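>>> Sequence and computational prediction follow.
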Amino acid sequence: MKIICIGRNYAKHIEELENEKPENPVIFLKPDSAILGKKQPFVIPLFSNNIHYEVEILVKICKVGKHIQPKFSHKYYEEVGLGIDFTARDVQDECKAKGLPWEKAKAFDGSAVISDFYPKEKLGDLNNLKFTLHKNNELVQDGNTSTMLWKIDELISYVSQFFTLKKGDIIFTGTPAGVGSVKENDILIGAIKDQEMFSVKIK
Ligand code: MG
């Protein structure tokens, strides 16, 4: 399986990182070795002094597809989850400044938190889905898919122009504003519609 991540999909997050608004979705990949094991703590890697959390809605692909038209995208996923795209922001800033790829900052071991998945019918309107991240009981990210620049179905269509989507692939759909750094002993709790989806301890 592969993990496809979307960057810069929420306007307020683009502003907070002072990025340019893209003409098309920004795409990058994480390998399967990036997946943080269930119930495992996230260990801050030695190569970074500034690890950021980014809470994101996840979509799990349920069948093979390429060049999917947006109107057919809904047939390619049945389940939705929540995750964290952990980012070594200091390393990413260095990569950006040099015009280099982001993998060292985005695709390292443990950088992908993936919750259990829910059948999408149970979540109601996927284009108006509230999701949150709390850090040590403080609300730090308060997102809603209604403010995505590109909706889930548009993302699937766009991504499938470049990569054949396969059953089990997971798409990280981008983070809303409120990203920030983590330190040892922080606890991150993600929720969709106030239903807890994951809890991660930082080590
Ligand atoms: Mg992200």
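That came through fine. Numbers count the residues shown, from 1 in each chain.
>>> quick one, helices of the protein?
All helices of the chain, identified by DSSP state H, fall at 11-16, 89-98, 103-106, 152-159.
>>> Now do the third one: which elements does it pack against?
Spelled out, that is helix 103-106. Using 3 or more CB pairs under 8 Å, 6 or more residues apart in numbering; DSSP states H and E as the contact test, the elements touching helix 103-106 are strand 26-30, strand 87-88, helix 89-98. (Each C-beta comes from the backbone N, C-alpha and C, glycine too.)
>>> So which of the ones you listed is nearest the ion?
Of all those, it is strand 87-88 that lies closest to the ion, at 6.5 Å by CB to the ion.
>>> Check which helices and strands that closest one sits against.
In terms of contacts (3+ CB pairs under 8 Å, 6+ apart), strand 87-88 is packed against strand 51-53, helix 103-106.
>>> Report the strands that pair with it, each with its relative direction.
Paired strands of strand 87-88, with direction, are strand 51-53 (antiparallel) (DSSP bridges).
>>> What residues of the helix or strand bottoming out on mean pLDDT in the chain count as buried?
Sorting the helices and strands of the chain by mean pLDDT, DSSP states H and E puts helix 11-16 at the bottom, at a mean of 86. Under the neighbour-count criterion of 16 or more other CB atoms under 10 Å, helix 11-16 has His13, Ile14 buried.
>>> Establish whether that helix and the ion are in contact.
No. Using CB under 5 Å from the ion, helix 11-16 never reaches the ion; the gap is at least 8.4 Å.
>>> which residues touch that helix?
Arg8, Glu20, Lys21, Thr147, Leu149, Gly174, Thr175, Pro176, Ala177, Gly178, Val179 (CB atoms under 8 Å, 6 or more residues apart in numbering).
>>> Perfect, that will be all.
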